[in-house]
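Participant: here is my input; please provide its structure:
(one chain, ligands or ions: 1)
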Amino acid sequence: MSVSQSPLQLPLAGFWFGDSATTTAQNVDHIFGIITWICIAFFVLIVGVMITFIVKYRARPGHEEQPSPSHNNSLEIIWSVIPILLVALIFFLGFSGFMEMRTPPANSYDIQVLASKWKFLFRYPNGVESEVLHLPPNQPVRLVQQSADVIHSLYIPAFRTKQDCVPGRYTYQWFEANKPGQYDVFCAEYCGLDHSNMNTFAVVHETEAEFKKMLDTLGTPPFWPPEWGEELWSRKGCKTCHTIDGSAVVGGGPSWKDLWGKEEVLTDGSKVVVDHDYILESIRKPQAKVVAGYTGVNMTAYPESLVSREEVDAIIAYIQYLSDAYDGPTKEEAEAAAEEAKNKAAEEAGTTEEGAAEDDATEAEPADDQPAEDQAAENKPAEEASESSETTDEEPEAPKAGEEE
Ligand code: CUA
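Facilitator: Okay, the predicted model is just below:
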């Protein structure tokens, strides 16, 4: 699978940089090539002239020394203007490349990243998780990054992108991988004892279908995020003030219908786009950015102890789902995929007895706080898988990563 290389690609670029597997990487390498070729040209020019002059004007017997000219206007203008043009060109290329790198396309495929001491966990829109980053080819992907503890930094050298994961907020990076293969992923921020072991891989699949198939084999999703969000909307009391059909509640807050991505005007006249960070802030500190028209509405602040980081994610997933622009999997798709994965697991289990035993023991189990009753119903033989998700409490070993309550 060959990818068009920059014509300015340096010889040995592959040796210095390793693989180049995204559109961003080609951009970065292109600009790097231009800058390096400019350096090489000036090096040759300056050193060449220097050596020529050393030889031509060297001290010889009978050679008269002459006074140096104090200045030369045309020469000085030339050696000022040419570098200014070159530096301006480098700035323009660098700035436009940077802006492109910082602005994810609207149709990006979102993958959640949770960094913690000392691993990265990736969660896909249908709720499945993996420790290896699986990617579809030729599609813009946005990583929505968080940290559970300290600052980490997700660095994929072959993609030429790096972004910190900062506790208490969301950060993003995006790329479009266009060269199938497996690439190193590093943590690039010193984060403690096992920082140097905080490595994994990014796998760019050959086709979209192969990527989807891989997601199915990652197991049964522990939950479908929007459904968990809906449950929280009801259970945490959000529904008292926020409708999901666009209607208003007297003395309440904005409806969640089509809220995602909307530009809201605040009481002080400034504007804010409803994104991950805005929703997080509005849950933690409701009075920080009040939308015009909602002055005097005193929403309770929900600290981490009342609404965990994972629950904020689920609420965001639900708010995204309530938008017309939502393009993630529907509940049916998520369930169908889960069903398929389950059947496949059962099939494989059928071939070896011990496999079956193992599968029973390790089948993704519902964590506390998650709404997937269907899930519970499938995993549990008896009728205790009832309407209330609270009954999932008797699964003490439910290994839900990052669960904090
Ligand atoms: Cu995480 Cu270094």
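Participant: can you give me the helices in the stretch 251-400 of the chain?
Facilitator: Secondary structure of the stretch 251-400 of the chain, counting by DSSP state H, counting those that start in this stretch: helices at 276-284, 309-321, 331-351, 353-362, 373-379.
Participant: list the helices and strands the second one packs on?
Facilitator: Think helix 309-321. helix 225-235, helix 276-284 (3 or more CB pairs under 8 Å, 6 or more residues apart in numbering; DSSP states H and E). Just so you know, the C-beta spots here come from the backbone N, C-alpha and C atoms, and that holds for glycine as well.
Participant: what comes into contact with the first one?
Facilitator: The contact list for helix 225-235, computed with CB atoms under 8 Å, 6 or more residues apart in numbering, reads 125, 127, 238-239, 242, 244, 256, 307, 311, 313-321, 328, 331, 369-372, 389.
Participant: and it, what's buried?
Facilitator: P225, P226, E227, W228, G229, E230, E231, L232, W233 (16 or more other CB atoms under 10 Å).
Participant: angle of it against helix 309-321?
Facilitator: Orientation check (axes from the mean of the first three to the mean of the last three CA atoms, to 10 degrees): helix 225-235 against helix 309-321 gives 100 degrees.
Participant: got it, and the shortest one?
Facilitator: An angle of 120 degrees separates the directions of helix 276-284 and helix 309-321 when computed by the same axes, to 10 degrees.
Participant: now helix 276-284: mean pLDDT?
Facilitator: Here helix 276-284 scores 87 as its mean pLDDT.
Participant: returning to what we had before: would you mind giving the buried residues of helix 225-235 as TSV with pLDDT added?
Facilitator: Supplementary listing: the buried residues of helix 225-235 in TSV, determined by pLDDT from 0 to 100:
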residue	pLDDT
P225	80
P226	84
E227	83
W228	82
G229	84
E230	86
E231	83
L232	83
W233	83
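Participant: may I ask which two of the residues you listed are separated the most?
Facilitator: P225 and W233 (12.5 Å; CB to CB).
Participant: S68 versus the residue of the chain most remote from its centre, what's the distance?
Facilitator: Most distant from the centre of the chain: G62, at 72.7 Å, with distances by CA atoms, centre = their mean. Per CB to CB, to the nearest Å, G62 is found 20 Å from S68.
Participant: also S255?
Facilitator: S255 is 79 Å from S68, by CB to CB.
Participant: who's more crowded, those two?
Facilitator: Per other CB atoms under 10 Å, whichever of S255 and S68 has more neighbours is S255, with 17 against 5.
Participant: ok, that one - contacts?
Facilitator: H242, T243, I244, D245, G246, S247, A248.
Participant: the ligand: which of these is nearest?
Facilitator: H242 (35.6 Å; CB to the nearest ligand atom).
Participant: tell me, how many residues neighbour that closest one?
Facilitator: When neighbours are defined as other CB under 10 Å, H242 has 20 of them.
Participant: just say helix, strand or coil for it.
Facilitator: Here H242 is recorded as coil under DSSP: H, G, I helix; E, B strand; the rest coil.
Participant: now tabulate the helices and strands packed on helix 309-321 in JSON lines and tack on distance to M101.
Facilitator: Listed next are these as JSON lines, based on distance: least, CB to CB, whole Å:
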{"stretch": "helix 225-235", "distance to M101": "27"}
{"stretch": "helix 276-284", "distance to M101": "19"}
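Participant: closest to the ligand out of those?
Facilitator: helix 276-284 (20.6 Å).
Participant: list the buried ones in stretch 128-141?
Facilitator: So for stretch 128-141, counting by 16+ other CB under 10 Å, buried means V128, E129, S130, L133, H134, L135, P136, P137, P140, V141.
Participant: can you flag which of these belong to strands?
Facilitator: E129, S130, L133, H134, L135, P140, V141 (DSSP state E).
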